[in-house]
Every structure is written in C-alpha cells, then in structure tokens.
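>>> Next input, structure requested:
(one chain, ligands or ions: 3)
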Amino acid sequence: MDPTAPSSGDNNGDATGPTNTTVTLPPLTLRDVPRLPAALAAASSSVPNPISRHPNFEPPSTFYISRGDVSLRHAFFDLSAAAPSPLVAYRRAGPRQCLGVDPAPARAALVTCGGLCPGLNTVLRELVVGLHELYGVRDVFGVAAGYRGFYGADEDHVRLDPATVDDWHKKGGTVLKTTRGGFDLNKIVDGIVARGYTQIYAIGGDGTMRGAVAIFQEFKRRGLNISITGIPKTVDNDIGIIDRSFGFQTAVEIAQQAIDAAHVEAVSAVNGIGLVKLMGRSTGHIALHATLSSRDVDCCLIPEVPFHLEGKGGLFEFLYDRIKEKGHAVIVVAEGAGQELIPRTDDQKREQDESGNIVFLDVGPFLKSELGRWWKREHPNELFTVKYIDPTYMIRAVPANATDNLYCTLLAHSAIHGVMAGFTGFVPGPINGTYSYIPLEDIAVAKNPVDVNDHKWAWVRSVTNQPDFVKSHA
Ligand SMILES: Nc1ncnc2c1ncn2[C@@H]1O[C@H](COP(=O)(O)OP(=O)(O)OP(=O)(O)O)[C@@H](O)[C@H]1O
Ligand SMILES: O=P(O)(O)OC[C@H]1O[C@](O)(CO)[C@@H](O)[C@@H]1O
Ligand SMILES: [Mg+2]
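Ligands and ions are numbered 1, 2, ... in the order given. Have a look, this model is predicted:
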C-alpha cells in the first residue's frame with residue numbers, strides 16, 4: 001500500500017499505525033520582490049545565464065530556480081486554528097536560467113556600514129569572486145567607509161578583483177572600513193549615478209537596511225535602472241524574518257571564552273561572582289545562546305526581560321542564595337539589559353551616535369558596583385569578590401568561523417543571482433533553511449526580539465534555574 005496515499009478519515013490515534021489526513025491549507029500570498037524597470041521589459045527573456053557556458057561546470061537543468069519556486073515563511077502551522085492566517089511565501093534564491101539583466105556592462109559597488117561583524121570580509125570576497133567567476137563582471141568596486149563613501153573622493157572607490165580579495169575571509173573587520181551616519185540621500189544617489197554603478201550591494205544592520213530602502217525609493221523616483229540589494233549584518237541577530245544573521249554563531253563561540261574565564265575566577269574566589277557583559281543592544285540573543293552553550297551560567301539578563309536589583313525576588317538576593325548553595329555564581333548580561341535601572345543625566349539621556357542610535361550606559365560596571373555596595377551593606381562580615389569581564393569588541397572583531405564562512409558565501413551568491421535575475425530592493429536570507437528573496441522594505445522593519453514566551457527562554461530557565469525577578473514576588 002502507498003504510505004503517502006490520503007486516508008478516508010481522521011487519524012484518531014488508534015494503534016493501527018500512521019494514517020494520512022488531507023487538509024486544506026489557507027491561501028498563499030507571495031511577498032514578491034521588485035524588478036528593475038528594464039528587467040520587466042526583458043521578462044520573457046533574453047540573456048542566457050553564463051553559468052551554462054562555464055568551462056568547468058555543466059549545470060543540469062535542475063540547477064536553476066524556476067519562476068514558480070517559493071519558500072514558506074512559517075514551517076509549522078496549527079491545523080486546528082479557527083481562522084488560520086494566510087501563508088506567506090517568498091521567491092527562492094538562486095540562479096535563474098535566463099537573466100533579467102545583461103551582466104556584461106554591469107558595474108557593481110560594495111559598501112559596509114554600521115558596526116563590525118564576523119564574516120563581513122567573507123561576504124565582500126564572495127561578492128567579488130562570484131561576480132567575476134560566475135557572471136564575468138569585471139567592474140567591481142569597494143566603496144570606502146560606509147554610505148558617505150558614495151559621495152567621497154576618487155580614492156574611496158577601489159577596484160576589486162579575485163586576486164585582491166583572495167585572503168579576505170581570513171580577516172576580521174571590514175577591509176573597506178565602515179562608518180555610522182553620513183546618510184545624505186541625494187549626494188549618495190548622485191555619487192552612484194556619477195560613477196555609473198548599475199548594482200549596489202549594501203552590507204549592514206537595521207540602519208543600513210533603512211538607508212537601502214531610501215536609496216531604492218530614490219532610484220525609483222528618478223527612474224534609474226540601478227539595482228540595490230541589502231545583505232543583513234547584525235552580530236546582535238536583531239533582524240527578523242531570516243533564520244539568523246551571519247557572524248552570530250562566531251560571536252557566541254568567542255563569548256564562551258569570556259564565560260569560561262568568569263567561571264574560573266568565580267570558583268577560585270571565596271564567594272566569587274563572575275560577571276560577563278556581551279553585545280546585544282535591543283535583543284539578548286548572544287547572551288542567551290552563550291548561556292545555553294556554556295551551562296556554567298547562573299543568571300542570564302537580557303533586554304527583553306525586566307529585573308530589579310534589591311529586595312525580595314531581586315537579583316542580588318538570588319545571587320546571595322546561589323553563592324550560599326554553590327559557593328560562586330556566573331552572570332551574563334546583554335548590554336541593553338537593565339538600562340532603565342541606570343541613573344543618567346539629561347545629557348546622557350539625549351546622547352546619540354552619528355547614526356542617531358541612543359548611546360547606552362555601561363550596565364557591566366553599574367551592576368558590579370551596585371552589587372558590591374549591596375553586599376557590603378547586607379553582609380559586611382562575609383568575603384566577596386566580583387570579577388567583571390567585558391569582551392565586547394572581541395566577539396565581533398574576529399574572522400568568521402567555518403559555519404559562518406559558508407553562510408556568507410551562500411548569502412553573497414544568492415545576492416548576485418537575484419540581481420542578475422533582474423530583482424532589486426531585496427535581501428537574500430535563509431528562511432527555515434531555504435535561501436529566499438525578501439523585500440528590503442520588510443527587512444528594514446522586521447525586528448527579532450527574543451521571544452520569552454517560547455521554549456527557548458524556558459530552556460534558559462532550566463539551565464540557569466533563575467527566577468523571574470518580578471516585583472510581585474517581593
Ligand atoms: N532611517 C534611516 N534612513 C536612512 N539611513 C539610515 C537610517 N538609519 C540609519 N541609516 C544609515 O545607515 C548607516 C548604518 O546605520 P547604523 O550606524 O545604525 O548601523 P546599522 O546598519 O544599524 O548596523 P549595526 O547593527 O552595527 O548598528 C548609517 O550611514 C546611517 O546614517
Ligand atoms: O561600533 P560601535 O559604534 O561601538 O557600536 C556598538 C554596537 O554595535 C553592535 O555591535 C551592533 O549593533 C551593538 O551590539 C553595539 O551596541
Ligand atoms: Mg543598528
């Protein structure tokens with residue numbers, strides 16, 4: 001009997017073995033990505049993919065992504081929901097058999113903006129090599145120092161080829177340099193037009209994606225046939241829709257070293273506390289994943305979960321009890337956690353970086369001094385030590401690990417294939433493991449907070465056995 005044949009009725013859980021039930025899924029909405037004006041005209045097309053003529057590679061027909069290939073936003077559904085939401089689909093990323101643009105005259109510009117992230121140089125390398133080797137594009141330029149480089153001097157536009165970028169994947173940081181701020185839309189687009197660029201690849205975080213949306217809209221307003229692609233970079237993993245951002249796994253791995261050191265310091269002291277601050281402005285993914293992987297952590301503090309310091313049910317009493325129980329404790333705090341607890345002057349409340357991001361106060365030294373003060377007051381006759389470790393920039397200034405390097409390559413290739421298909425205003429990224437094209441406008445507003453109601457936060461709680469620190473316990 002065909003095990004996949006639909007059954008005639010519901011599986012009521014009897015012991016006769018698995019049965020199949022046919023269900024009707026809700027309608028499917030395709031969140032399509034925009035196309036270049038010239039690509040629309042060439043849709044019935046046109047230019048065969050040069051990969052088909054590659055001297056060393058004979059792609060089978062299954063190699064190419066068909067016009068109808070999509071991936072689904074959500075991989076699981078509740079079939080019993082009374083009013084199921086429509087399914088959202090995205091175009092699958094990958095090479096198309098016929099291109100929407102002619103790669104021969106293409107002139108590509110690559111730019112990195114915002115903070116560093118492991119893998120930036122790998123993405124740059126693979127964009128350069130992929131454009132050259134897969135599509136024969138010879139005019140590839142690196143734009144120095146973020147968006148402002150588009151209206152900078154001639155030396156800010158550097159021609160790149162595979163030989164130049166050969167070992168970039170082994171380097172942390174970004175060879176192109178990065179900056180915040182300097183987003184002058186008209187000057188940027190004028191600079192792009194003046195230099196004859198036809199493809200822009202902008203690698204950066206949420207701010208960079210919002211900037212890319214503005215550039216995309218300005219291209220449209222001016223009727224320009226220039227594509228723009230955003231490649232999401234965020235060590236904090238704070239961009240939504242995609243499974244995770246590149247460099248994140250590397251950062252979590254490096255964070256282990258800091259937690260290990262904090263643990264050694266804590267266990268080697270009498271009543272020792274090891275305190276580690278990790279990156280994560282608005283999301284606690286790094287702290288959470290580092291806590292889960294380490295298992296030496298007694299308390300993980302993230303921006304999504306409020307806590308209070310003193311009194312019943314507060315952090316300090318919990319730490320005291322944990323020290324009494326184990327002799328030591330390790331705390332991991334994300335930089336954005338507990339910001340509302342730190343007293344600040346009016347000037348500090350207004351302080352912003354060049355891109356307009358609020359400047360945070362340093363939660364690490366704040367916790368260390370408040371805890372020390374509390375301990376002296378409450379337990380003046382007991383020895384106590386806090387060792388504070390701040391590996392902030394160390395976790396993002398390293399080269400990508402092997403997994404992230406592979407990820408960066410697939411992102412870069414997906415970006416190039418999408419541009420060559422004639423798409424613009426899009427972001428490549430894995431959704432449930434399938435590389436897909438997502439509208440830039442969606443990515444620019446898609447946040448990715450830690451969902452404290454799902455199983456992962458419960459998992460943290462089971463590893464640390466920390467309480468909720470809610471005031472009602474007081
Ligand atoms: N709303 C916006 N519109 C246009 N440009 C923006 C916007 N927000 C930020 N930018 C520009 O995008 C660039 C990068 O922004 P930002 O410094 O916030 O880093 P980011 O891309 O968010 O990366 P990170 O995750 O490291 O913070 C800057 O040049 C900034 O001026
Ligand atoms: O490089 P800067 O300006 O110090 O930025 C630090 C910020 O950048 C990030 O690494 C990414 O947004 C944050 O975790 C951190 O708050
Ligand atoms: Mg940002």
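>>> Am I right that residue 109 is in a strand?
Yes. Residue 109 sits within a strand when classified using DSSP: H, G, I helix; E, B strand; the rest coil.
>>> number of nearby residues for it?
A total of 25 residues lie near residue 109 under the criterion other CB atoms under 10 Å. Placement of C-beta: from N, CA and C, glycine included.
>>> Residues of this protein that sit close to ligand 1?
The chain comes close to ligand 1 at residues 113-115, 146-147, 180-183, 204-208, 210-211, 214, 234, 355, 357, as judged by CB under 6 Å from any ligand atom.
>>> Now do the contacts for the residue in the stretch 51-200 of the chain positioned nearest to ligand 3.
Here the stretch 51-200 of the chain gets closest to ligand 3 at one residue, residue 114, 5.7 Å apart by CB to the ion. By CB atoms under 8 Å, 6 or more residues apart in numbering, the contact list for residue 114 reads 146, 178, 180, 204, 205, 207, 208, 233, 355.
>>> 6 Å instead, please
Residue 114 makes contacts with 204, 205, 207, 208, as judged by CB atoms under 6 Å, 6 or more residues apart in numbering.
>>> any idea which element the last one lies in?
It stands for residue 208. Here residue 208 sits within helix 206-222, counting by DSSP states H and E.
>>> Need the max-distance pair from the contacts of residue 114.
Largest separation among the contacts of residue 114 by CB to CB: 204 and 207, giving 6.7 Å.
>>> Let me see the ranges of the helices in the protein.
Along the chain, the stretches classed as helices by DSSP state H are 37-41, 120-135, 185-194, 206-222, 248-267, 285-294, 315-326, 346-350, 363-378, 402-420, 440-445, 455-464.
>>> what angle do the second one and helix 402-420 make?
Interaxial angle of helix 120-135 relative to helix 402-420 (axes from the mean of the first three to the mean of the last three CA atoms, to 10 degrees): 50 degrees.
>>> Which residues are in contact with the closest residue to ligand 2 within the stretch 201-350 of the chain?
Nearest residue of the stretch 201-350 of the chain to ligand 2: residue 279, at 3.5 Å (CB to the nearest ligand atom). By CB under 6 Å, 6+ apart, residue 279 lies in contact with 235, 236, 286, 335, 392.
>>> Could you dump those residues into TSV and include distance to residue 456 and pLDDT?
Shown next, in TSV, are these (distance: CB to CB, whole Å; pLDDT from 0 to 100):
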residue	distance to residue 456	pLDDT
235	19	94
236	16	95
286	13	97
335	20	96
392	23	88
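>>> Which ones, among these, also lie beside ligand 2?
Contacts with ligand 2 within the contacts of residue 279, counted by CB under 6 Å from any ligand atom: 235, 236, 335.
>>> nearest spatial neighbour of residue 159, skipping sequence neighbours?
Excluding its sequence neighbours, the residue lying closest to residue 159 (CB to CB, 6 or more residues apart in numbering) is residue 141, at 5.8 Å.
>>> on that earlier part again, what sits up against the helix holding residue 208?
Outside helix 206-222, the residues that touch it by CB under 6 Å, 6+ apart are 113-114, 147, 183, 185, 189, 202, 226, 228, 230, 355, 425, 440-441, 443-444.
>>> which among these gets closest to residue 251?
Nearest to residue 251 among the contacts of helix 206-222, with distances taken as CB to CB, is residue 114, at 14.6 Å.
>>> Now the phi/psi pair for that closest one, please.
Phi and psi for residue 114, reported as degrees, to the nearest 10, are phi 80, psi -160.
>>> And it, how close does it get to residue 89?
Distance, residue 114 to residue 89, using CB to CB, to the nearest Å: 30 Å.
>>> next one: residue 272
Here the criterion is CB to CB. By it, residue 272 lies 53 Å from residue 89.
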